[in-house]
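Peer 1: Quick one, structure for this:
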Amino acid sequence: MDTRLRGYDILLGNALGHRLYGNSSGSGRPSPNMNQKRIFPVIALLLTNSLAATLVLPILPLVAVSQFGASVFQALLLETCYYGAKLVAAPILGRSSDRRGRRPILLLSQTGTVIAFTLFVVAHPAGRTLPPILGLNSGLLILYAARLLDGVTAGSSTAAKAYVADVVPENGRSQVLGWMSATLGIGFIFGPITGGLLSAQFGLLAPFVAAGTLTFAALVGSTLILQESLQPRTAAHKQATTTAKLSLPHIFQQTIFVRITAMGFLATLCFSAISAIFVLYINAIFFTDAADLSAASRFAGLAFTLIGITLAVTQIFLIKPLVKKYGETAVVQFSQISMVATFAAIPFVTNRTLFLLLAIPFVFVYGLLEPNLQAIVSRTDDNIRGQLFGLYQSTLSGADLLGPVWVALAFESISPQSVWWLSAVLMFLGFAISLTFRGRSRLSPSR
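Peer 2: I've put the predicted structure just below:
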């Protein structure tokens with residue numbers, strides 16, 4: 001599920017212009033000049049999904065705890081279900097996108113997202129009317145099923161990144177991948193606030209209904225306007241794509257890719273943990289005396305909006321000039337060491353305003369990190385690009401799966417503050433790996 005269209009499409013169109021895109025070469029390989037109309041539907045799809053997700057996912061742990069009687073650990077396992085399924089499915093979907101095209105995988109993924117949001121809606125009445133199963137609320141079990149389904153069909157991010165790499169030349173990928181990542185930030189600008197307003201006006205079910213409607217509209221729009229990024233190929237090229245499969249020994253021989261993937265894994269292990277515990281941390285530290293969860297929810301909505309603005313501004317406007325001036329490696333290293341410092345400082349903060357202010361540098365440097373790692377991963381032949389992104393995404397999904405688990409254990413067994421210190425240690429390991437990274441690398445199929 002991995003936020004608003006007007007204005008953003010004008011911004012995107014003007015920013016890209018015709019200096020990146022023109023016409024397809026028709027050779028089976030994407031031309032460095034391709035019309036921006038080919039890339040906009042993919043970003044619009046991710047943007048709509050991000051808005052839908054941020055309507056409900058930030059409050060999902062609180063809903064699971066307050067409405068369905070889940071423990072903190074059970075609530076955070078919702079994310080583990082999603083990323084566990086994605087861990088298995090992402091490489092398969094990535095390879096399928098190389099063989100069958102990006103468009104079918106994107107539409108399949110979107111269909112799974114629509115069904116998952118429909119199950120979110122069904123979970124509310126089911127939790128009140130159906131008896132518990134194996135000691136768990138029936139509504140909670142439906143939430144688990146929804147997250148599993150969404151994870152199994154979560155090919156949108158993998159196929160979308162491969163789509164971008166198909167149609168955007170290497171020197172423009174950091175910027176466009178940053179714009180794609182910025183859809184999450186834009187979602188956090190509008191999603192939590194809109195979800196809060198809908199809940200206040202129409203009840204807790206309303207954000208889930210709105211999210212399901214948005215994702216269905218995105219599916220219809222994508223079916224109508226999304227074009228395939230892989231052009232018709234010769235029989236020999238089709239055979240090469242079919243037989244090109246990266247073996248595990250071949251992957252480990254590519255030491256630069258392994259190190260980039262390790263850095264992405266450690267960063268995601270931290271970010272997924274912080275994202276999962278964020279609302280519960282706010283409630284535990286800043287609202288211990290509050291009579292209900294509404295005060296923490298409102299503050300979290302404000303924090304998510306600030307996070308979204310920072311992420312969107314960083315990834316839309318700042319990535320390109322920073323990469324142009326300092327290079328991808330330096331930007332990655334700056335991001336990592338800055339996150340270490342921020343993680344180490346936050347546990348000492350007890351003032352809400354200061355906590356919000358510290359969120360700005362944290363999100364700023366994370367917003368620089370991931371698109372640059374993805375841009376390096378994209379430097380490969382188009383007939384294995386989906387596989388490569390699938391493998392990279394699957395590794396990150398493993399981190400997303402483990403993040404909620406370790407952070408829940410640390411939160412309950414050690415202290416809420418411990419999650420930040422442990423994240424600082426993990427991020428420092430990533431920074432140490434980055435010090436060994438130099439140059440550019442391209443993978444090729446095993447022979």
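
Peer 1: make it CA atoms for all contacts and neighbour counts henceforth
Peer 2: Noted.

Peer 1: Could I get the contacting residues of residue 374?
Peer 2: 174, 177 (C-alpha atoms under 8 Å, 6 or more residues apart in numbering).

Peer 1: mind checking pLDDT for it?
Peer 2: Looking at residue 374, its pLDDT stands at 80.

Peer 1: and if you look at the one 10 residues further on?
Peer 2: The pLDDT attached to residue 384 in the predicted structure is 65.

Peer 1: Likewise for residue 128?
Peer 2: 81.

Peer 1: That one: neighbouring residues, count only.
Peer 2: Per other C-alpha atoms under 10 Å, the neighbour tally for residue 128 reads 14.

Peer 1: Return the distance of stretch 79-89 from the chain's centre.
Peer 2: In terms of C-alpha atoms, centre = their mean, to the nearest Å, the centre of stretch 79-89 is found 13 Å from the chain centre.

Peer 1: what sits up against that stretch?
Peer 2: 144, 147-155, 276, 393-398, 400-402, 404-405.

Peer 1: try it again with 10 Å
Peer 2: 57, 60-61, 74, 77, 90, 92-93, 143-155, 272, 276, 390-405 (C-alpha atoms under 10 Å, 6 or more residues apart in numbering).

Peer 1: so residue 373 touches residue 336, yeah?
Peer 2: No - at 11.8 Å, residue 373 and residue 336 do not qualify as touching, with contact defined as C-alpha atoms under 10 Å.

Peer 1: dump the residue contacts of residue 203.
Peer 2: Contacts of residue 203 by C-alpha under 10 Å, 6+ apart are 196-197.

Peer 1: mind checking pLDDT for it?
Peer 2: Value for residue 203, per-residue pLDDT: 79.

Peer 1: what do residue 373 and residue 336 both touch?
Peer 2: residue 263.

Peer 1: So if I had to pick from these two, which one is more boxed in?
Peer 2: Shown here are residue 373 and residue 336; by other C-alpha under 10 Å, residue 336 has more neighbours (26 against 20).

Peer 1: what sits against residue 182?
Peer 2: Contacts of residue 182 by C-alpha under 10 Å, 6+ apart are 3, 43, 46-47, 50, 176, 188, 308-316, 367, 371.

Peer 1: Quick check: residue 399 touching residue 267?
Peer 2: Yes - in this structure residue 399 lies within contact range of residue 267 using C-alpha under 10 Å: 8.5 Å.

Peer 1: where in the stretch 251-400 of the chain is pLDDT low?
Peer 2: Counting by pLDDT under 70, the ranges of the stretch 251-400 of the chain that qualify are 251-254, 290-294, 297, 380-386.

Peer 1: what residues do residue 399 and residue 267 have in common as contacts?
Peer 2: residue 273.

Peer 1: List the residues that contact residue 195.
Peer 2: By C-alpha under 10 Å, 6+ apart, the neighbours of residue 195 are 51-52, 54-59, 201, 204-208, 210-211, 301.

Peer 1: Now which of these would you call buried?
Peer 2: Buried members of the contacts of residue 195, scored by 16 or more other C-alpha atoms under 10 Å, are 51-52, 54-59, 204-208, 210-211, 301.

Peer 1: hang on, the earlier thing: which ones among the contacts of stretch 79-89 map onto strands?
Peer 2: Using DSSP state E, the subset of the contacts of stretch 79-89 located in strands is empty.

Peer 1: now the helices: where do they sit in the stretch 1-150 of the chain?
Peer 2: For the stretch 1-150 of the chain, the helices defined by DSSP state H, counting those that start in this stretch occupy 8-20, 40-56, 60-68, 72-100, 102-129, 138-152.

Peer 1: which residues of the stretch 151-300 of the chain fall in helices?
Peer 2: 156-167, 170-202, 206-225, 235-243, 248-253, 255-286, 294-313.
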